[in-house]
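J.: predicted model follows, preceded by the sequence.
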Amino acid sequence: MTTVGDGLFQYGGVPVASPDALPAEVHMVCKKTTSSTAYPSFDYWYHRFKKDRFFTTVEEGYAALTTGRNDVLYISPDSHVPVAAGSSIASHIFAKSNCHVIGCNLSSPGYPCSVISDDGSTGTGHYNPLVSVTGHYNSFRNLRMDYGNATNTNLNALRVEGNGNLFENCYFRTPLSSTLADLATFDAVIVGGKGNTFRNCIFGALWEKRSAASSLLKFQRATGGTAARHTVFENCVFRSEIDNVGAFMIDVNSDAGGLAGPQFFKNCMFYAHWSDQGDQGTVAIRWGTAGLVGTLHFDANCTFWGFDDITTAGMGRAGIIFGQSGLTAATLGMSLVTA
């Protein structure tokens, strides 16, 4: 239980305080329909929730949420796969606001088992992106998004277009297929909107080797949307297997209007692993020459591993600002040799 200064209490990620701050309704998603030796907790969940608030798919649970009133949706520790094309989370768009989606597992970002994923084949459960958050002021906790199996059309695990959303203890586990890992159009997470926060999250997977100029984090606004502003990444890990020097971590190159104002990185790690440390990526951050209206701020606890340079020569403080003293535009491109 956590207590904050205004008297608001949190237990398991659910806000608890005065009646005005309590969630209006609490719902449960559990894909099991009966208890069993392998799944003994079904009865416990089923009897805790009213029958009209107990669902077997994320789609049904999402539909039951009412925007703007602090509703909560628990998700059981299972792999929740879309039912059919175009049906999951309103075509995979989370458009509601002031709601909470919480995985019922340990609050560890490494491998939470409350999973939203594709169907793992070439069937109907593939979307681009897997989840698109267009609503505002929601929280997503203890979730894993698995994406990238057996198709070249599922390019993004998450796209954020709304404002003020929180992602905590989430794992964006992708790419999971060599097909996706070989595409330059792959971007694990795309961020736009204002004031979004990622805390204790993991981006990318040490699974398939990325062999193209793709990223784990891309700043981009949707058509008619808002550019990324004041995004905070705190205690996050960005990790990837690579076997191409063109693979990088952050992309602020492809959309001139995708970045506005500062984006903050606090105590974050950027790790690229080349098998046997035989080589390393050229730059960790791809920064173009157009639309330089924002900055990326890294505090002194951020680290980069597996790259020749942080960003392209000549970008300097126009694009990257470090908290460490002594770094100038001429010294920002530090060599990180892996062998």
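T.: Arrived safely, thanks for sending.
J.: quick one: pLDDT of residue 178?
T.: Turning to residue 178, the model gives it a pLDDT of 87.
J.: what's the neighbour count on the residue nearest to it when sequence neighbours are not counted?
T.: Of all residues not flanking residue 178 in the chain, residue 208 sits nearest, at 5.3 Å (Cβ to Cβ, 6 or more residues apart in numbering). Yep, even glycine has a C-beta here, placed from its N, CA and C like the rest. Per other Cβ atoms under 10 Å, the neighbour tally for residue 208 reads 20.
J.: go on, residue 275?
T.: If we define neighbours as other Cβ under 10 Å, then residue 275 has 10 of them.
J.: again with residue 239
T.: 18.
J.: mind listing what it touches?
T.: 202, 203, 204, 205, 206, 216, 269, 271, 272, 273 (Cβ atoms under 8 Å, 6 or more residues apart in numbering).
J.: for those residues, which one is nearest residue 309?
T.: Using Cβ to Cβ, residue 272 is the member of those that lies nearest residue 309, at 12.4 Å.
J.: any idea how far the closest one is from residue 248?
T.: Here residue 272 is placed at a distance of 8 Å from residue 248 (Cβ to Cβ, to the nearest Å).
J.: so between these two, which is more surrounded?
T.: Remark: of residue 272 and residue 248, residue 248 carries more neighbours, 27 against 24, as counted by other Cβ under 10 Å.
J.: ok, now how distant is that one from residue 197?
T.: 23 Å.
J.: before we move on, the earlier item: can you say which of the contacts of residue 239 are buried?
T.: Listed as buried from the contacts of residue 239 are 202, 203, 204, 205, 216, 269, 271, 272, 273; burial here means 16 or more other Cβ atoms under 10 Å.
J.: and the last one, helix, strand or coil?
T.: Classification of residue 273 by DSSP: H, G, I helix; E, B strand; the rest coil places it in strand.
J.: wait, doesn't residue 195 sit right on residue 226?
T.: No: the pair residue 195 / residue 226 is not scored as a contact, 10.1 Å apart, by Cβ atoms under 8 Å.
J.: okay, and the common contacts of these two?
T.: By Cβ under 8 Å, 6+ apart, the residues touching both residue 195 and residue 226 are residue 163.
J.: then residue 60 would be within a strand, right?
T.: No: counting by three-state DSSP, residue 60 is located in no strand; its state is helix.
J.: how much space is there between the spatially closest residue to it that is not a sequence neighbour and residue 79?
T.: Among residues not flanking residue 60 along the chain, residue 29 sits closest, at 7.4 Å (Cβ to Cβ, 6+ apart). For residue 29, the distance to residue 79 equals 12 Å [Cβ to Cβ].
J.: now do residue 301
T.: Relative to residue 79, residue 301 is positioned 34 Å away (Cβ to Cβ).
J.: can you check residue 234 too?
T.: 28 Å.
J.: what are the buried residues along stretch 164-178?
T.: Under 16+ other Cβ under 10 Å, the buried positions of stretch 164-178 are 164-177.
J.: who has more neighbours, residue 29 and residue 79?
T.: Per other Cβ under 10 Å, whichever of residue 29 and residue 79 has more neighbours is residue 29, with 25 against 14.
J.: quick one: buried residues of stretch 234-252?
T.: Buried residues in stretch 234-252 (16+ other Cβ under 10 Å): 234-244, 247-252.
J.: okay, and the beta partners of the residue nearest to residue 60?
T.: Beta-bridge pairing of residue 29 under DSSP bridges involves residue 55, residue 75.
J.: ok so, going back, what's the closest of the buried ones among the contacts of residue 239 to residue 136?
T.: Using Cβ to Cβ, those come closest to residue 136 at residue 203, 22.3 Å.
J.: check contacts around that closest one.
T.: 172, 188, 189, 216, 217, 236, 237, 238, 239.
J.: switch those residues over to JSON lines; also include pLDDT, distance to residue 145 and secondary structure.
T.: As requested, these are exported to JSON lines (pLDDT from 0 to 100; distance: Cβ to Cβ, whole Å; DSSP: H, G, I helix; E, B strand; the rest coil):
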{"residue": "172", "pLDDT": "94", "distance to residue 145": "5", "secondary structure": "strand"}
{"residue": "188", "pLDDT": "93", "distance to residue 145": "9", "secondary structure": "strand"}
{"residue": "189", "pLDDT": "95", "distance to residue 145": "9", "secondary structure": "strand"}
{"residue": "216", "pLDDT": "96", "distance to residue 145": "13", "secondary structure": "strand"}
{"residue": "217", "pLDDT": "96", "distance to residue 145": "14", "secondary structure": "strand"}
{"residue": "236", "pLDDT": "97", "distance to residue 145": "14", "secondary structure": "coil"}
{"residue": "237", "pLDDT": "97", "distance to residue 145": "15", "secondary structure": "strand"}
{"residue": "238", "pLDDT": "97", "distance to residue 145": "15", "secondary structure": "strand"}
{"residue": "239", "pLDDT": "95", "distance to residue 145": "15", "secondary structure": "strand"}
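J.: dump the residues you listed into a markdown table; add distance to residue 261 as well.
T.: Shown next, in a markdown table, are the contacts of residue 203 (distance: Cβ to Cβ, whole Å):
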| residue | distance to residue 261 |
| --- | --- |
| 172 | 23 |
| 188 | 23 |
| 189 | 19 |
| 216 | 21 |
| 217 | 17 |
| 236 | 19 |
| 237 | 24 |
| 238 | 21 |
| 239 | 27 |
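J.: good, we can wrap up now.
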